[in-house]
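> Following is a predicted model, sequence given first.
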Amino acid sequence: MSQIERDYGNDVEIVNVDGREYIIVGTAHISQQSADLVRKVIENEKPDTVCVELDQQRYKALREQKKWENLDLKTVTRQKQLATLLINLLLSSYQKRLGKKLGVMPGVELLEATKVADENEIPVELCDRDVRITMRRAWKSLSLFKKMQLMTSGLAGIFTDQEISEEQLAEIRQKDVLNEMMNELGEAMPVLKTVLIDERDSYITQKMTEAKGKKIVSVVGAGHMGGIKKGLLNHTKTNLEEIEIIPPTSPVVKTIGWAIPAIIIASIFYIGYDKGLDQAGNNALYWFLANGIPSALGVIIALGHPLTVFAAFIGAPFTSLTPLIGAGYVAAFVQAYFKPPVVHEFKTVMDDAGEMKNWWSNKVLRVFLVFILSSLGSALGTWVGFTEIVSNLF
């Protein structure tokens, strides 16, 4: 093939390593230009294998467009995965909204890669890590402060109505701009960048080296190009099992999680011993009301079911005394049980998430709203109750 025919521009890197040729196509996930480039490269190159930045779950969701329709909220709540699912929803909704403005749905170029490969009878390898593992590793790696910061910035971003054109997307895809963006992300949340970018660079690179054939075309987000190229040239080997493990909760976090309720319970017992049972009872009642009222108020603001309000009021004082489950999960489960969303609300959840008012009208989003506001209420109540009870020791 002549050099002119291979003039794909800056969005394609060709790397030769150990007698194998890797053609890396960097894409923007909401760009028709990227989809057209993917088709052009695969049809021109006729590779032995096409690698795609997808895992089985994302591929199925993109192909069938039924990711949210099949969601079982009660099961997700029982498994304590609402927080990671919420972040996923915010990111997906924002990306989809941008795609609608450009007339291109997110992931079209990834599906185009699999389609062109099938048309030419070329094997396809899904080379990305399971998105559920990535999200859970990312969430587990963040401190409580960083989790709140991420959720706040995610909510702020999703409600920002910003016009973005194809020309601006093309500029964003340029490597120097992407590197600058990734550097900023790394400075703000280094652990998050490690999990979302660096680990997946290594994962995809390893999968590419394991793919069959001498010529491999790999279709990935433009932000992964630099890391993948570096990994190939440095012959980097990655143990995939090591970066598929969900990290356990930090011992420090566990200690703090159990220390706070231990201090509160011990303080109430000591107050009873030192100042009498009446004082102990008053402090216990204060703890109950300080937790129950703001958590229940959060559910009321979310327009939750009356039984959800009651569950938050009763549950928050007790869940605050154990790190095993939060008040938000209890309230969300009760809300999903008594006010289950209907089919059309699952279908429109990503569109509805872009409008603040829809968080009250869409029952899927209302479950998330109940989770967030009751959790914040319980956290506030714990701080207020802890401060008051400890101060009463002296």
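Right, received. Where do you want to start? Because the structure is predicted, anything quoted here is derived from the model rather than measured. Residues are numbered from 1 along each chain as shown.
> contacts and neighbour counts: CA atoms only from here.
Noted.
> On the three-state scheme, residue 389 is what?
Assigned by DSSP: H, G, I helix; E, B strand; the rest coil, the conformation of residue 389 is helix.
> how deep is it tucked in, by neighbour count?
22 (other CA atoms under 10 Å).
> And for it, nearest residue in space, chain neighbours not counted?
Residue nearest to residue 389 in three dimensions, not counting chain neighbours: residue 283, with 6.2 Å by CA to CA, 6 or more residues apart in numbering.
> try residue 326
If the residues on either side of it in the chain are set aside, residue 326 comes closest to residue 319, at 5.5 Å by CA to CA, 6+ apart.
> now the one you found: how far from residue 325?
In this structure, residue 319 and residue 325 are 6 Å apart, going by CA to CA, to the nearest Å.
> Also residue 266?
Taking CA to CA as the measure, residue 266 falls 21 Å from residue 325.
> Kindly report the same for residue 198.
Residue 198 sits 31 Å away from residue 325, taking CA to CA as the criterion.
> if we can go back for a sec, the residue nearest to residue 389: neighbour count?
Around residue 283 sit 23 other residues, with neighbours defined as other CA under 10 Å.
> before we move on, which element is it in?
Assigned by DSSP states H and E, residue 283 falls within helix 277-301.
> Now do that helix: distance to the chain's middle.
Relative to the centre of its chain, helix 277-301 is centred 33 Å away, using CA atoms, centre = their mean, to the nearest Å.
> Pick out the least confidently modelled helix or strand of this structure, by mean pLDDT.
When the helices and strands of the chain are scored by mean pLDDT, DSSP states H and E, helix 175-188 comes last with a mean of 52.
> Identify each buried residue in the next helix-or-strand element following that helix, please.
The helix or strand immediately downstream of helix 175-188 is helix 190-193, counting by DSSP H and E. Neighbour-count burial for helix 190-193, counted by 16 or more other CA atoms under 10 Å, picks out 191, 192, 193.
> need those in a markdown table with distance to residue 222 and pLDDT, can you?
Listed next are these as a markdown table, based on distance: CA to CA, whole Å; pLDDT from 0 to 100:
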| residue | distance to residue 222 | pLDDT |
| --- | --- | --- |
| 191 | 20 | 74 |
| 192 | 18 | 76 |
| 193 | 15 | 81 |
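> Closest one of these to residue 359?
residue 192 (26.8 Å; CA to CA).
> That closest one and residue 262, how far apart?
As defined by CA to CA, residue 192 lies at a distance of 32 Å from residue 262.
> Residue 314 now?
Taking CA to CA as the measure, residue 314 falls 20 Å from residue 262.
> Give me the more crowded residue out of these two.
Summary of the neighbour comparison: residue 314 and residue 262, criterion other CA under 10 Å, with residue 314 having more neighbours (19 against 13).
> Let me see the contact set for that one.
residue 292 (CA atoms under 8 Å, 6 or more residues apart in numbering).
> and if you look at residue 333?
Counting by CA under 8 Å, 6+ apart, residue 333 touches 73, 74, 77, 78.
> What residues sit buried inside stretch 363-383?
363-382.
> typo on my end, stretch 327-339
Of the residues in stretch 327-339, those buried by neighbour count under the rule 16+ other CA under 10 Å are 327, 328, 329, 330, 331, 332, 333, 334, 335, 336, 339.
> My read is that the third one contacts residue 77, right?
The reference is to residue 329. Yes - look at residue 329 against residue 77 with CA atoms under 8 Å: they come within range, at 6.1 Å.
> so where does residue 370 fall, helix or strand?
Secondary structure assigned from DSSP H and E places residue 370 in helix 363-391.
> low pLDDT regions in the stretch 51-200 of the chain?
Applying pLDDT under 70 to the stretch 51-200 of the chain flags residues 61, 64-72, 76, 80-81, 83-106, 144, 147-188.
> ugh, typo on my part, it should be the stretch 251-394 of the chain
Within the stretch 251-394 of the chain, the ranges that satisfy pLDDT under 70 run 253, 343-344, 346-347, 350.
> quick one: residue 107 from residue 130, how far?
Relative to residue 130, residue 107 is positioned 16 Å away (CA to CA).
> Kindly report the same for residue 362.
Counting by CA to CA - residue 362 and residue 130 are separated by 28 Å.
> And residue 268, by the same measure?
Following CA to CA, the distance that separates residue 268 from residue 130 is 46 Å.
> which of the two has more neighbours?
Comparing residue 268 with residue 130 by other CA under 10 Å, the one with more neighbours is residue 268, at 23 against 15.
> Mind listing what's buried along the helix or strand harbouring that one?
With elements taken from DSSP H and E, the one containing residue 268 is helix 251-275. Judged by neighbour count (16+ other CA under 10 Å), helix 251-275 contains these buried residues: 257, 260, 261, 264, 267, 268, 269, 271, 272.
> part of a strand, is residue 231?
No - note on residue 231: no strand contains this position according to three-state DSSP, which reports helix.
> Use 51 as the first number for this chain going forward.
Fine by me, first position is 51 from now on; the one you just mentioned is residue 281.
> what sits against it?
251, 252, 255.
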